[in-house]
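Student: Provide a 3D model corresponding to the input given below.
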Amino acid sequence: MLGALAVMYVLVIVVYIGLFAYIQTAITNLVFNKTTISGHGFESSLRTLPMMWIYISNALLIAFTLGLMIPWARIRTVRYRLENLSLLAAAALDGFIANVQAQTSATGKELADMLDLDIAL
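Tutor: Numbers count the residues shown, from 1 in each chain. Okay, the predicted model is just below:
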């Protein structure tokens, strides 16, 4: 009886992680595949099973090392996400960068320096 309960508990956790991985990959793929900036787009090709494996193995490593592997797990997850993200450039990016730099003012940077704010993605 106790063994069956343990198997059911593990099964529920695996199903939960599977659903979480599916929802995360579907939302990420949808958001990036529909995002465009001045004609340039992105392509995200995350898959559910690799993401599920990353979540499960990260959770196990974090549990066994009492939290010491949290930075490694975060980097591993971000690395997988970035490896499956592509930029679909409509034209040369030099013109895009020059246009953005021409529209940028120093007000925001100076305000951030004055208020000692660190704004980053």
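Student: Check whether A89 really touches H40, as I assumed.
Tutor: Yes: here A89 lies in contact with H40, judged by Cβ atoms under 8 Å, at a distance of 5.3 Å. Quick note: C-beta positions are derived from backbone N, CA and C, even for glycine.
Student: The two - which one has more neighbours?
Tutor: More crowded of A89 and H40, by other Cβ atoms under 10 Å: H40, with 14 against 11.
Student: Surely that one touches L87?
Tutor: Yes: between H40 and L87 there is a contact under Cβ under 8 Å: 6.6 Å.
Student: Give me the buried positions along stretch 34-43.
Tutor: Residues 41-42 are the ones in stretch 34-43 that count as buried (16 or more other Cβ atoms under 10 Å).
Student: centre of the chain versus it, how much separation?
Tutor: Put simply, stretch 34-43 sits 17 Å off its chain's centre (Cα atoms, centre = their mean, to the nearest Å).
Student: gap between the two ends of it?
Tutor: 8 Å (Cα to Cα, to the nearest Å).
Student: Not counting that stretch itself, show me its contacts.
Tutor: Residues from elsewhere that reach stretch 34-43 (Cβ atoms under 8 Å, 6 or more residues apart in numbering): 32-33, 85-91, 93, 96, 99.
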